[in-house]
Structure formats: structure tokens, C-alpha cells
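> Give me coordinates for this.
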Amino acid sequence: MAQDPSRYLPLMPPHVRNAAAARRPHVQSMSTPEPGLARDRIGVAVVDTDPLAREGLRAIIAAEDNLSLLQETAQVNSILAGSSRARPDVIFVEAGLASEHAGAAIRTLRRSLPHARVIAFGLGNREEEVFHVFEAGAVGYVVRTSIRRDLAASIRRARSGLRYVPPEVERCLKQRQRRPHLTCREGTVLALLAQARSNAAIAALLGISIGTVKLHVRSVLAKLGVEDRAQAAVVAMERGFARVN
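Numbers count the residues shown, from 1 in each chain. As a prediction, this is how the structure comes out:
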């Protein structure tokens, strides 16, 4: 997926970078975990596939007196593997970790670390992504462009058992709820349509007949209110059924 350098600007202003460098002791190493967090401190783990984004998040967390970064990683499995040494109170997860698998990643965290609260972050305007994040058990969603302002508040609310849903994310959720529901198979077909796959290719990938694929395509077009596959592909990108790689 193409990287937009401007996405990191809200994360790393110069004064926060400097604060992070001066306060590195707040970042807990996996090899030397903090033996016991004070009751007024909140242990945080970060999961993001982009190292530059993780650097920005590390800086923001380091600048907060009552937040401790226990783990930062690109993979959910690393959080699970380190859970015996570092037990985060809140896990901050990139919503688009793996497109449609983001919900599965959050479910895994909730099942394996039931004490931890999960907050997702992303663009906040991809309906399916936002919907599946909350359906999977996240208690909050922070819009990427507002992370520097909202990260600490969202973590503290989550630790207190409260949800954190910005107005734009709430609107996105309500808009998704008003739309006709696509079945799981229809969502998969739509994602493959967005990749310009033919009916024959979709049939081969899903192990179904071409006739069944055509039925799914007709249903998808009708539910989306579009006339052809090209328009469906645009909607798939806008709503989060597919991602641009």
C-alpha cells in the first residue's frame, strides 16, 4: 500500500520528538518488563505495521506522565507472546492491519487478553473497517489525523471502562447501519470485483460455479445501488471492502 508521508505529520512535531528522546526510560523493554505498574499508571501496547508510525506513537505516549509503553510491534502475535512478561491495560491497534482481517486480529486480542481494552486507529471514514472494528470488541476508535490530540484521552477512557467514539466515526457507523447488509460471501465477491477479477476467476478462487458468482454479483450491485462492476469497485474502496495496494 502506498505511503502518504503527510499522514505522519500530526504524530511527530519537533517538540514531541525531543520530549520522547529525553524520556526514553518510560518505554519499557520486552527484555526488562516493569515488575508492577503503579495504580495510577496505564500500561499500553501498540500494534502498527509501519515503524515510522510506531515511532510517532511512542513519542506521544512518552510525553504523558501516567502512560507507560510496554510493547510495540507490527504483529498481534508478538503481543500475545509477550503477555506473560508485560500485561498491557490498553492495546492501540492499527485498524487496517490486514484489511478484512482487522476484526479477526482484535477478536484474538480480546479472547487471549480479556483484561485489556482495545482501541483502533485509522482514517475513520471506511464504513466496513470501522464497523468490523467495533463488532470485534474494540472500545474506541481514534482518527489518525487526530492522534496527537486524542490518543491519551482515548486510552484513559478505555482504562476506565468507557468508549471513545469521535463524532465523525459515529456518523460513519450510523451510515453503515442504514445501508443494506451484504452477506459475508457477497462482501468477498465485492472485494474480488474491486481487484478486477472476472467471474471465472472469482468462481475458481471461491470454489463455486460461474452461475453462482453471477447471482452474487447481481445481488451486490442491487444492494449497493450501482449499475456496473466499475461503480461497485469504487464503492468497495470507499467503504472499506477493499484496499488500494
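> Can you spell out the domain ranges of this structure, please?
5-176, 180-239 (automatic domain parsing).
> count of neighbours near the nearest residue to E186 once chain neighbours are set aside?
Excluding the flanking residues, the one nearest E186 by C-beta to C-beta, 6 or more residues apart in numbering is V220, at 5.1 Å. Every C-beta, even on glycine, is put in place using the N, C-alpha and C of the backbone. When neighbours are counted by other C-beta atoms under 10 Å, V220 registers 24.
> List phi and psi for the one residue sitting closest to the centre of the chain.
Nearest residue to the geometric centre of the chain (C-alpha atoms, centre = their mean): A95, 0.9 Å. Main-chain torsions, A95, degrees, to the nearest 10: phi -60, psi -30.
> Looks like it contacts V118 (just checking).
No: taking contacts as C-beta atoms under 8 Å, A95 lies outside contact range of V118: 10.5 Å.
> On the three-state scheme, Y141 is what?
Three-state call for Y141 (DSSP: H, G, I helix; E, B strand; the rest coil): strand.
> So in terms of bridging, what pairs with it?
Note on Y141: beta-bridge partners by DSSP bridges are A120.
> how deep is it tucked in, by neighbour count?
26.
> what sits up against the helix or strand hosting S154?
Taking DSSP states H and E as the definition, one finds S154 inside helix 147-159. Helix 147-159 is touched from outside by 10-11, 13, 16, 42, 44, 56-57, 60-61, 64, 66-67, 89-90, 92, 117-119, 121, 139-140, 142-143, 163-164, 166, with contacts defined as C-beta atoms under 8 Å, 6 or more residues apart in numbering.
> show me where the protein has helices.
Per DSSP state H, the chain carries helices over the ranges 14-22, 51-62, 76-81, 102-112, 127-135, 147-159, 167-178, 184-194, 199-206, 210-224, 229-239.
> list the contacts for V165?
With C-beta under 8 Å, 6+ apart, V165 has these contacts: 140-141, 173.
> Find the nearest non-adjacent residue to V217, please.
V189 (6.4 Å).
> Show the pLDDT at the residue of the chain positioned farthest from its centre.
The outermost residue of the chain relative to its centre, with distances by C-alpha atoms, centre = their mean, is G211 at 35.2 Å. With respect to pLDDT, G211 scores 92.
> That one and A203, how far apart?
9 Å (C-beta to C-beta, to the nearest Å).
> One more: R148?
47 Å.
> G122 too?
Counting by C-beta to C-beta, the gap from G122 to A203 is 32 Å.
> okay, the two: which has more neighbours?
Taking other C-beta under 10 Å, G122 and A203 do not tie; G122 has more neighbours (21 against 18).
> what about the residue nearest to K223 when sequence neighbours are not counted, how many residues close to it?
Distances taken as C-beta to C-beta, 6+ apart put P180 closest to K223, at 4.1 Å, once the chain neighbours are dropped. Residues near P180, counting by other C-beta under 10 Å, number 11.
> ok, now N66?
So N66, with other C-beta under 10 Å, has 13 neighbours.
> how about the closest residue to it other than its chain neighbours, what does it touch?
Once flanking residues are discounted, N66 sits nearest to R41: 5.2 Å by C-beta to C-beta, 6+ apart. Taking C-beta under 8 Å, 6+ apart, we find R41 in contact with 66-68.
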